[in-house]
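> Sequence plus the predicted model coming up.
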Number of protein chains: 4
Amino acid sequence: MAMQVDLNADMGESFGPWKMGDDASLLTTVTSANIACGAHAGDPDVMATTMGIALQNGVGIGSHPGFPDLQGFGRRRIQMPTGSLQNSIRCQVGASLGMAAALGAKVRHVKLHGALGNMTSEDEDMARACYEAALSVDENLIVMVLAATAQERAVRSLGCKFACEIFADRAYNDDATLVDRSIPGAVIHDPKVAGQRMVDMVKAQAIITDSGKHIETPIDTICLHGDTPTAVHIAAEVRSALEDAKITVTQFAGRTA
Amino acid sequence: MAMQVDLNADMGESFGPWKMGDDASLLTTVTSANIACGAHAGDPDVMATTMGIALQNGVGIGSHPGFPDLQGFGRRRIQMPTGSLQNSIRCQVGASLGMAAALGAKVRHVKLHGALGNMTSEDEDMARACYEAALSVDENLIVMVLAATAQERAVRSLGCKFACEIFADRAYNDDATLVDRSIPGAVIHDPKVAGQRMVDMVKAQAIITDSGKHIETPIDTICLHGDTPTAVHIAAEVRSALEDAKITVTQFAGRTA
Amino acid sequence: MAMQVDLNADMGESFGPWKMGDDASLLTTVTSANIACGAHAGDPDVMATTMGIALQNGVGIGSHPGFPDLQGFGRRRIQMPTGSLQNSIRCQVGASLGMAAALGAKVRHVKLHGALGNMTSEDEDMARACYEAALSVDENLIVMVLAATAQERAVRSLGCKFACEIFADRAYNDDATLVDRSIPGAVIHDPKVAGQRMVDMVKAQAIITDSGKHIETPIDTICLHGDTPTAVHIAAEVRSALEDAKITVTQFAGRTA
Amino acid sequence: MAMQVDLNADMGESFGPWKMGDDASLLTTVTSANIACGAHAGDPDVMATTMGIALQNGVGIGSHPGFPDLQGFGRRRIQMPTGSLQNSIRCQVGASLGMAAALGAKVRHVKLHGALGNMTSEDEDMARACYEAALSVDENLIVMVLAATAQERAVRSLGCKFACEIFADRAYNDDATLVDRSIPGAVIHDPKVAGQRMVDMVKAQAIITDSGKHIETPIDTICLHGDTPTAVHIAAEVRSALEDAKITVTQFAGRTA
């Protein structure tokens, strides 16, 4: 079978008069868009606009819930009771589904944002609680997980559809965690390097760590960052490197194993 | 055919640690609940709890969107662009649908809250815009309208399912508007009086104004207030007066004419 | 010198249409009021009303900042950068001072709320950062601290004016921490018992723990809870027990040692 | 006496991770900064940063309250009761004063933002209510008013210190209102044209309307927009045109007549 991979990016993170990222450009490159739900970023107008362009471009629409903390952009860890967190996620995913329905579109996947993503990649129970909440709203959602983390263990135990994700621009430690941003080389800024790394990892179906170790994992989608100055450029370069290597860039179907 | 009418009340208006109304008691009396969506009142936990009790009691669940203004409880008029207002309603209704789905319940109807309700009872275009937004999320929603106002004209022009509503505890002017609260007698405090009025109006299928004029209108549902000290008492009395008069208290089916 | 002690309670915790506590009643009993600043509770109207009554009753006005988290009522721990937390406190205290000035009143003291209070009673550096922020707005504020905790150590190292606080209705462990609420007897519900305990501790100038151990500490003020059904009753009983024991109930002056 | 005028711009309008305007650049050109208070824009961190740079550059710090409506950026008219609006302004001004005090700075002036500015330029009573609220927090604040509008009439009736403002980049009607943005020429985009207009008006001490009519008014300060792509360029050009015409660019002292 020919190799394939999806490209995803966080989007719809503008708010009111404040712009963030160049969604319209990125939506010509990615195949899946993780669209903020208004809790950590985004507002109803931004959701409508972003989903509209995604729909027009055939980009898969994802719900991207985060902690309800606009000033902190969902990046501050908040100690919420599990039930409250689940209800917040239900409402956020519901808002995504409602807006998509209004546009004649469909929400295909769900991905957790920021601190919620970080905490659930370390805590399988928390990940499972969050995913159960999203799936209780729509059991057909494909859950996008950070490959080889507690998130992946959670979806496997749930038996739902999922897609495994790696980062285009981050170096990995030997335990599949990300190299801390404070360490030189943790973030890859050179689009060519990022592109080649992604080709290598997709071909290997493994995370290749800084030490050269291969951590076997399905690789269904590659996360591109949307809010950096070079985002659009890196995205285009990664896509082009993949295509040059005969790796088809297309939406994931969702796996259960 | 035997006469019937629905009883509705606004609910789920608590927020965080702050309680409002006695939802659990009212949910033993009403047949439809208009549940706040988190914009003017309510939060995800409150929505979950309120919908859960409604489901358990067989009470029809409604989405109750309002202006995004928590401190003002949705009672302050806000000059929002029509498109922004529609997108806000889409997200609020979406959140309702999402939470209901998570609970294995269904949202049957939609009703506008506070200043949004007042403005749309005066402005048919605005009413139509709001209802189109809600119906774009789910075309099967029954729209609850203030009988004989611009809201009713809007749903008739849209051709959607609707239910006509009158107030149990408010006096009417000859043009079907409510007597201003500053005028003595505008608000009916005596449960017996409220009960008898409702029996009279439902039997007449007309709003009976202060002057005794009859304004013919379908009467599908009666609005009970949930946030007054006497709310539970008036609700019980109205229900009992209707039942004594052999008027069946049950959910509306939604009409298109 | 005759013994004296202050009585304080959290106040101004209503929000928009939602009421919390019976501030008007409590303000006839306490001598200091910790008034929410709009971040975890309270809004500008509530602040104005509460400060107005406090001023009229000669009750000392305090600024009561908390985490910016309305739904969570400031009770959820949020991982904020220290600088952001300090700036939030500066704005909250500034709002208090502004409103007090508008009413011809003065803010005398500051006390941290909820999760912010709990975290700073465990973490001296965090306590110092928060207090420095408040004092940078007004260096004359008296800082109310939980006696014998990291909060007290922080103010002593800062050299600012402070007042030491104990709880009227909570049992203490031998290390001056509160007995966990899950343990029987952790919360004292009997007003008579609460009153006698306070008399004993003030006379001993010590926290008397469950085991009978005395932890010596200045006791400048006693915290009464404002948001429980029995709050007003306990408050009155504690005050009366103190007065019967010839302990003068009056505002603290602030100490530096 | 040598002619002089102040240059002001709205600032501190970033929020959380969202940037707006190039405050650091503008703060090298203007002499007064209107800094958002967190209700319609800005947050405690943004306030701290912006005030800090203003202080360092010797730029006059102003409090810039607006409607509490972040998504709408304070540009949506909200029907708030007068007392609530006043309390909101008191808290916003208080937060400004608190943050300034923490930085060792001082708030010199106050200016109303967005819809609040527009409404008060049409409604003298509303303007007076807003200004009274701000002055109740600090009676020494200089109130910045739109010259020849209801705002100016309000401050004259209050007897407080004020400064009259005109726009650098907007055309005027013969009644001193701004030409509607939908009309060609309403907004001046050419920096040279803007600069020359300002020189002409300051020299004439009059608003010069599109028809050439002169409306006599003190001109104490010129408003530069901060959030347009050309903002920094227009600001520099206006300043340089004024200086070339021997008009000193310096802070207003505040007038009472």
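It's in.
> At which residues are the helices of chain A located?
Here chain A has its helices, by DSSP state H, at A:23-26, A:44-56, A:82-102, A:114-122, A:124-137, A:150-158, A:191-204, A:231-244.
> With only the CA atoms kept, save the third one in CSV.
Put plainly, it is helix A:82-102. Extracted in CSV, the C-alpha atoms of helix A:82-102 (Å, rounded to 0.1, in the frame of the first residue of the first chain):
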residue,chain,number,x,y,z
THR,A,82,-13.1,15.7,36.3
GLY,A,83,-16.8,16.0,35.9
SER,A,84,-16.5,19.8,35.3
LEU,A,85,-13.8,19.3,32.8
GLN,A,86,-15.9,16.7,31.0
ASN,A,87,-18.9,19.0,30.9
SER,A,88,-16.8,21.8,29.5
ILE,A,89,-15.5,19.6,26.8
ARG,A,90,-19.1,18.4,26.0
CYS,A,91,-20.2,22.0,25.5
GLN,A,92,-17.2,22.9,23.5
VAL,A,93,-17.5,20.0,21.2
GLY,A,94,-21.3,20.6,21.0
ALA,A,95,-20.6,24.2,19.9
SER,A,96,-18.2,22.9,17.2
LEU,A,97,-20.8,20.4,15.9
GLY,A,98,-23.6,23.0,16.0
MET,A,99,-21.6,25.5,13.9
ALA,A,100,-20.4,22.8,11.5
ALA,A,101,-24.0,21.7,11.0
ALA,A,102,-25.1,25.3,10.3
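> Low-confidence ranges, the stretch 101-250 of chain A, go.
Along the stretch 101-250 of chain A, the model assigns pLDDT under 70 to residues A:227.
> list the contacts for the residue of it found nearest chain C?
Residue nearest to chain C within the stretch 101-250 of chain A: residue A:115 (7.6 Å; Cβ to the nearest Cβ). (C-beta placed from N, C-alpha, C; glycine too.) Residues in contact with residue A:115, defined by Cβ atoms under 8 Å, 6 or more residues apart in numbering or on different chains, are A:66, A:67, A:74, A:75, A:76, A:77, A:78, C:79.
> what do you get for residue A:91?
B:38, B:44, B:47, B:95, B:98, B:99.
> contacts with chain A among those residues, please.
With Cβ under 8 Å from any Cβ of the partner chain as the criterion, these include B:38, B:44, B:47, B:95, B:98, B:99 near chain A.
> contacting residues for the fifth one?
So the one you mean is residue B:98. So residue B:98 contacts A:90, A:91, A:93, A:94, A:95, A:97, A:98, A:137 (Cβ under 8 Å, 6+ apart).
> Nearest residue to it in space, please, no chain neighbours.
Distances taken as Cβ to Cβ, 6 or more residues apart in numbering or on different chains place residue A:94 nearest to residue B:98, at 1.6 Å, with adjacent residues excluded.
> so who does that neighbour touch?
Residue A:94 touches A:137, B:94, B:95, B:96, B:97, B:98, B:99, B:101, counting by Cβ under 8 Å, 6+ apart.
> Residue B:143: which of those is nearest?
Closest approach to residue B:143 among those (Cβ to Cβ): residue B:96, at 13.9 Å.
> which residue packs closest to that closest one, ignoring adjacent ones?
The shortest distance from residue B:96 to any residue other than its chain neighbours is 3.7 Å, reached at residue B:63 (Cβ to Cβ, 6+ apart).
> and the one you found, bridged to which residues?
residue B:35, residue B:110 (DSSP bridges).
> Count the neighbours of the closest residue to residue A:140 other than its chain neighbours for me.
In this structure, residue A:140 finds its nearest non-sequential neighbour in residue A:161, 7.4 Å apart by Cβ to Cβ, 6+ apart. Per other Cβ atoms under 10 Å in any protein chain shown, the neighbour tally for residue A:161 reads 19.
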